[in-house]
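Student: Build me a model:
(4 chains)
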Number of protein chains: 4
Amino acid sequence: MAFPVAIIGATGYTGGELLRLLVHHPTARVVFVGSRSNHGQPISDFQPHVAGLIDLPLEPVDPDVIASRCRLAFLAVPRGAAMDLAGELVARDVKVIDLGTDFRFKDQAVYKQWYGLDHTRPDVLEEAVYGLTELFRQQVAQARVVGNPGCYPTATSLAIAPLAAAGKLKLDDVAVTAMSGVSGAGRDPKAMYHLPHATENVQPYGVASHRHTPEIEMVLSSFGKGSATVSFTPHLVPMSRGILSTCILTPSETVSAEEVQELYDSFYEGEPFVRVLPQDGPLPHTKAVLGSNRCDVAVRVDPRSGKVIALAAIDNLVKGAAGQAIQNMNVMMGWDETAGLRLPAVYP
Amino acid sequence: MAFPVAIIGATGYTGGELLRLLVHHPTARVVFVGSRSNHGQPISDFQPHVAGLIDLPLEPVDPDVIASRCRLAFLAVPRGAAMDLAGELVARDVKVIDLGTDFRFKDQAVYKQWYGLDHTRPDVLEEAVYGLTELFRQQVAQARVVGNPGCYPTATSLAIAPLAAAGKLKLDDVAVTAMSGVSGAGRDPKAMYHLPHATENVQPYGVASHRHTPEIEMVLSSFGKGSATVSFTPHLVPMSRGILSTCILTPSETVSAEEVQELYDSFYEGEPFVRVLPQDGPLPHTKAVLGSNRCDVAVRVDPRSGKVIALAAIDNLVKGAAGQAIQNMNVMMGWDETAGLRLPAVYP
Amino acid sequence: MAFPVAIIGATGYTGGELLRLLVHHPTARVVFVGSRSNHGQPISDFQPHVAGLIDLPLEPVDPDVIASRCRLAFLAVPRGAAMDLAGELVARDVKVIDLGTDFRFKDQAVYKQWYGLDHTRPDVLEEAVYGLTELFRQQVAQARVVGNPGCYPTATSLAIAPLAAAGKLKLDDVAVTAMSGVSGAGRDPKAMYHLPHATENVQPYGVASHRHTPEIEMVLSSFGKGSATVSFTPHLVPMSRGILSTCILTPSETVSAEEVQELYDSFYEGEPFVRVLPQDGPLPHTKAVLGSNRCDVAVRVDPRSGKVIALAAIDNLVKGAAGQAIQNMNVMMGWDETAGLRLPAVYP
Amino acid sequence: MAFPVAIIGATGYTGGELLRLLVHHPTARVVFVGSRSNHGQPISDFQPHVAGLIDLPLEPVDPDVIASRCRLAFLAVPRGAAMDLAGELVARDVKVIDLGTDFRFKDQAVYKQWYGLDHTRPDVLEEAVYGLTELFRQQVAQARVVGNPGCYPTATSLAIAPLAAAGKLKLDDVAVTAMSGVSGAGRDPKAMYHLPHATENVQPYGVASHRHTPEIEMVLSSFGKGSATVSFTPHLVPMSRGILSTCILTPSETVSAEEVQELYDSFYEGEPFVRVLPQDGPLPHTKAVLGSNRCDVAVRVDPRSGKVIALAAIDNLVKGAAGQAIQNMNVMMGWDETAGLRLPAVYP
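Tutor: Just a heads-up that it's a prediction; the model follows:
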C-alpha cells in the first residue's frame, strides 16, 4: 500500500526534483503539495516535467490537513520557515525531512552566527538528525526529524570522510574549492544567474564567508580529535546541475596512493550510492552523475607537495538535496535504501 | 519473468540511452551487449552512467549466441550493418528494432538515392514496419522488425500529422526548420562538435540535402492524397540533447486557431507521450522534455500570412531514438505501452 | 580632433556594446553617458569590460547639457522614451541615432498597431531614416535622425534583399525562422533567461506575433511590387550572442544555384561588412561573426521543393545594434564607413 | 612604417588569436603565416574571423624566407618544434616569442623531467627570458628570445606575486585550483572536449601531475627565500575561454585584509593590464575579461582558517597566450606596452 507523503514548497527546484524522483518510488506517493500561494493551481503549471505523472493542486500549508493525509513531509521552504512547521508536524506524528538549514546545526550559536536566526523550536532541534546518510545512517534510522545536508557539504564530506575517519587528516588545514551549477541558487532570476552574464563565466562567490563552511566543519569534527577548520571557496560555473568538490588535504602522516585508495575503498565498501574510482581510471566529473543519486569519489596523493587531493562529484539537486532526502526517508522507514533511487545518470 | 533483450552497438550514445531506460523497465532485461571491439570489457567503461546498475561485458555480435539468450534485439549500428544482421536474427526468431536507417524506407530506390546503399535483405525490409508509434501503432503491434524513426522525422511528423490527417495541409508546401543538440551527431569527436567551436554557436547544416527529408516526406505522404514535398533545414545549437521542430505550414483551406487546436487535441487524445499545449499557454521547449519520452506539441495560426505554425519538442535520444524503440517493443509485445517510460523530464 | 558623442541609456547591454566599440573609433569619443538613475557613479560599475578605458560618471539626461558637449547622441532607451528626446536633441543640432523602435516605422499606424504607442513627434519621424546601412546608405548619409534596425530585421533583410531586389521573390510567401542568443532580451533577469532554465533549452517565442515582423515586411516591401507578408518565428537558444536567420523563400520564377549565387555576390560586391559565402563552402554560423560587425550570408536552392533558402549570421549586439549604429554614424558624418569597426570576430 | 612579423603555426587557436589581436596593432603587421601543411591556402580558410582583414596564404616554415621578410616571429608550434627554429631565427636577427614550452624553463632538468624532452639549443635557452611581463619586464625589454608563459601560470602567478614578493607567503604550502575554458586544450577534437560530453560538466584533470605546476613554482621561487612547492588542480568547465585561478595561501605571518589589499594595490599600481579589485566589490570572474588582455585580481583574508585566498581571472587565449605575447613584443621593441591591446572585454 502506498505511503502518503507531502512536499511543502513544491514550486521550487528542490520541490520539483522531489516530485521527479518520487514518481519512481515503489512505496511513497506524493498526495499533498503545499505552497504559500497559487492554491488550487495544478503543480504541473510550475513543474511541467511531471505533467501527466503527478497532477495535484497546490494547497495551503495546514499541519492538520497534512497530518490527516500524510505520514511524512519533505520541507523545501525558506530558512526559518521550517522550524515551527516541523514542530507542528512531529507533534501530529508526521515525520519530517527538512531540506533547508533549520535542522542541520545542533549548536544554536553556530546557526545564529552564520544565519542570523534564533531557533524557535530547540526541542525539535534536539532530536533532529543530520542526514548525510552514509555517515550517520544509524541515527537517521531512528529519527523523526532529519536535517538534510547542503549540497556542498554532501560532496565535500563524502570526499574527505574516509581520511578523517582514519585519523589521518590534519583537521585544521582543510582547503576546499568547489564548482556548482546554477540550479543550486534556486529558481529566482537574478543578475548573477542571467544567462548572458552567467554563460562563458566562472564566478567565485562567498569567499571566506560561505554558509556551508560551518556545516562542513561540523561533519569533519565529528570524526576527529578536536575541531576542524575549513577554508571553503565555491564557484558558479555555466551549467544547470552538478557539484565538483576539490579538497586539498594535509595528511597527519605521510600516506601512499595505495594506502589512501585502500582506505577509501573499504570505507565505502557496499555503499550503493558512492563509487570510489580507482587510481588508474577517470576522475569524477559531474556529468557522469547528472540526474542520479550517485557520488563519484577519487583520491590522489601528490608526493611533491605532500598533499592529498580528494574529489567528489554529485548532482546538487539529487544527492545534494532531493535524492538524499528520499534516501533518508528509506532509511527512516526501514525500506531498501535504494528504493526509487536506482536511476542511472542522464548521459550525455 | 524477465524478458531478455540484446543491445547491439552498446557503446554509442543511442546504446547508452537504451541501457539507461531499460534499467527502469519492469519486464525487459538487458542480458547481452554487443560491439565490434573491446570484447570482455565491462559496458560501464563506456557508459559510466549505468555503472553499478548494468555490468555486462561486451560480446561479439554472433546471431546464434544472441538467439540463444535473447528474444528481442535493439540494433544501434552504422547504416548498412543492420540489414543482414536483422535477417539473421528474425530467422532465429529474435524480434528486431533497428534504430538506424536500414529499415525505414520501403522504397529501396529512395534509400539508394539518399544513402547510396543497396538493400541486401529486401525480404526482411518487406515485412518491416516504420515505428513512429503514435502514427503506425497497429502495424507495429504485428511487426517482427521495426525501423525506428529518425529524431527529426519523429518531432516533425508529430507536429504536422494532425493537420495532414485532417486533409487540411497543402502537402507540397511544407517548410521545416529544426534545432538539435549535438548528441544527435553521435559520440565521435569532430571539429563541428568541438566545444570551443560549438558553444555560443548556431550552425545550420545539410541545407536542402539532409537525409531526414525523404523520411519526413514518406510519413506525410502516408496521410495525404498525393505525395509530400518538404523543405528541411536543421541547425546545431549549443546543447547536448533536445530537438525543436518548427514547421511553417500552408493549410489547404483557411483554418482558425480554435479549429486547429481542436484537431490536435482530438488527434492526440489519450496518447500517453504526446502533450498538446493549449493556445494560451507556454510553447514547447526542449528542456521540458529532456530525458523523457514525451513530445510536446503546439500549433498556432498566423492570420496575417495564412500560415499554420506547428512546433514539437522532444529529447532526440529518447522519443527521437531509444525511448521510442522501447515504446515500440512494448507495443510489439502487447505490454503496457508506457512500461519503463513513465519518466519525468529532468528539469532544470 | 575628437568628435564628442553621448550614449543615453548607457547601463544596458546595447549601451555597453556602444562603449566597447567606440573605444576603437579613431574620431568619435564618448564624453557623456546618460541614465535615469545612479547619477555620479562611474559607468564601469555597470560595464566592467571598459574599466580603465572609459571612466565617465553617469549623468542625468538633459538635452541642453548634451547639446553643449556632444554633436551626436546614441539613444538606447526604452520604447517611447526616444521620441521627445530625439526632438529636443535635433532641435539643438545634435544628430540622433535611436537604437530602439521609435523611429523605425514611417507608418504611425503600424507602430501603433504593433507597439501600442502614438508617436509624439511625427515631425521628427518624418525626417528619420531607417538605418539598415547596406540597403539605405544614401538616405542615411543625409539623415539627422536614424532609426537603427532591430537585430532580427537586420539579419533577415540582408539574407533576403538580393532576391527581393532582383524581383525574383514571391513577396507574399516569406517564411523566416531565427535563433537568437539571450542578450537580445536585455539585461533584466527573468525566468525565461535564468540559466538553469535557459541552458540546454531551445525556446520558441512570439510565434505569429513578434514585433519584428512588420519591420521585416517594411524592408522587403521597399524592394518589391506590392507589399510583403512574412511569417516569422524566433527562438532563444542557450548562448549569449548571435542571431542566425533562416529564410525559406519562394522564388517568383525558377532559379538555379549559380544564378542566385551570382545575384548575391554582385548585390553585396564591395560591401565591407557583408560576406557572401560560396556554394561549396561552409554555411554562416554565429560564432564566425561574434563580436564583429560582419554579416555572413549564404543562399541555397532546393530543386526538390523549389524553395530558395537564404541564411544570415550576425552578432545581435554588433551588426544587430551597436555596430550598425556606429556604421550609420560613419555614413552620416562622411567618414570611412568601417572606422572603428574593423574588428575581427572573437573565435573561438 | 609597419613592423613586419611572422606567425608560425597560424592555423591553431593561439595563432588565430595572434591574428585577431594584431589587426588592432598600430605598428606590427602580419606579413607571413607559416604552417606545416596546406601551403597556398588562405589563412581565412582556417581562421574565418579575420576574413577580409588578413588574407595571407599559408607558407612553408623556411627561416631564410622568414628572415628576409620579418623582424620578429611568434611561434605557436608543438613543444619540441620551437627549439631549433628559434635558433635559426635569432641567428638571422629575427626576434622570437615562443608561445609554447620550449623556452620557459632555464633548468633543463626540470624540462626533461616534466616534458620528457632534451633541449637541442641550450645556447638559445640561455639567453631566453620568461615573459610574464608584469613580473619580468626589465628582462623582457632586453630579450631577443622570450618564452611566453602558460595560461595557468600567468593567472596564478599574478594572483600570488604580491604576497610572495612581500615575503609574506609560506612558499611550501601553496594550494591552487583553477578552472579553464576548453579552448586551452587547442583545436583538436577529442572525447573530453566533445560538446555532448563537455557541456554541463566539470572535469578535473592532471591532478598532482599537470605540467604547469613546475612553471608556477619557478615563478614563485624567484620571489622567495627557498623554493616553492605548489599543489595544482585544474578543471575544465563548459565554456570556450577564460581561466579563474583560486589560490589558497598560507601567510608566513598573520595579515589583515587591509594590509594585503594595500600590498596588492601598490604592487600593481600603474599596471595597465592588471586590475586589483577592492575588498567590498565584486570578485574576479572570467566574463569581465573575455577577449581582453586584462587580469582581474582580488585577495581575501579568512580569519577563521588563517588562509589568504587570492583569485585571478584572465582570458586564456589573450593574457594567457597571444595578448601577453604582443605585450612582450611591445616591451622588447620599446613601444607603448598597451599598443594594440587596449581592447575592452566582450561582455556579455
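
Student: Stretch A:230-250 and chain B, are they touching?
Tutor: Yes: using Cβ under 8 Å from any Cβ of the partner chain, stretch A:230-250 reaches chain B at A:240-241. No exception for glycine: its C-beta is placed from N, CA and C like everyone else's.

Student: near chain D at all, that stretch?
Tutor: Yes: using Cβ under 8 Å from any Cβ, stretch A:230-250 reaches chain D at A:230-231, A:233, A:235, A:237-242, A:244, A:246, A:248.

Student: I'd like to know which of these is nearest to chain C.
Tutor: Closest approach to chain C among the residues of stretch A:230-250 next to chain D (Cβ to the nearest Cβ): residue A:240, at 4.3 Å.

Student: Quick check: the gap between the closest one and residue D:269.
Tutor: Distance, residue A:240 to residue D:269, using Cβ to Cβ, to the nearest Å: 41 Å.

Student: if we can go back for a sec, now secondary structure, pLDDT and neighbour count too, for the residues of stretch A:230-250 next to chain D, in a markdown table please.
Tutor: Listed next are the residues of stretch A:230-250 next to chain D as a markdown table, based on DSSP: H, G, I helix; E, B strand; the rest coil; pLDDT from 0 to 100; neighbours: other Cβ atoms under 10 Å in any protein chain shown:
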| residue | secondary structure | pLDDT | neighbour count |
| --- | --- | --- | --- |
| A:230 | strand | 97 | 28 |
| A:231 | strand | 98 | 24 |
| A:233 | strand | 98 | 27 |
| A:235 | strand | 98 | 26 |
| A:237 | coil | 98 | 27 |
| A:238 | coil | 98 | 28 |
| A:239 | coil | 98 | 27 |
| A:240 | coil | 98 | 28 |
| A:241 | coil | 98 | 30 |
| A:242 | coil | 98 | 31 |
| A:244 | strand | 98 | 30 |
| A:246 | strand | 98 | 29 |
| A:248 | strand | 98 | 25 |
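
Student: looking only at pLDDT, what's the mean for stretch A:18-28?
Tutor: Mean pLDDT, stretch A:18-28: 97.

Student: which residues touch it?
Tutor: Contacting residues not belonging to stretch A:18-28 are listed as A:2-5, A:7, A:10, A:29-30, A:33, A:43, A:47, A:49-50, A:53-54, A:72, A:74, A:76, A:318, A:322-323, A:325-326, A:329, A:333, A:335, A:339-341, A:343, B:24, B:342-347 [Cβ atoms under 8 Å, 6 or more residues apart in numbering or on different chains].

Student: Repeat the analysis, applying 6 Å as the threshold.
Tutor: When contacts are defined by Cβ atoms under 6 Å, 6 or more residues apart in numbering or on different chains, stretch A:18-28 is touched by residues A:3, A:5, A:7, A:30, A:47, A:50, A:53-54, A:74, A:322-323, A:326, A:339-340, B:344.

Student: out of these, which are inside strands?
Tutor: Per DSSP state E, strands hold the following members of those: A:3, A:5, A:7, A:30, A:74.

Student: Between which two of these is the distance greatest?
Tutor: A:3 and A:7 (13.7 Å; Cβ to Cβ).

Student: The two - which one has more neighbours?
Tutor: Using other Cβ atoms under 10 Å in any protein chain shown, the more surrounded residue of residue A:3 and residue A:7 is residue A:7, with 30 against 16.

Student: and the more buried one, what are its bridge partners?
Tutor: residue A:33, residue A:74 (DSSP bridges).

Student: For it, give its distance to chain C.
Tutor: To chain C, residue A:7 is 19 Å away according to Cβ to the nearest Cβ, to the nearest Å.

Student: Apart from its neighbours in sequence, what residue is nearest residue A:185?
Tutor: Excluding its sequence neighbours, the residue lying closest to residue A:185 (Cβ to Cβ, 6 or more residues apart in numbering or on different chains) is residue A:193, at 5.6 Å.
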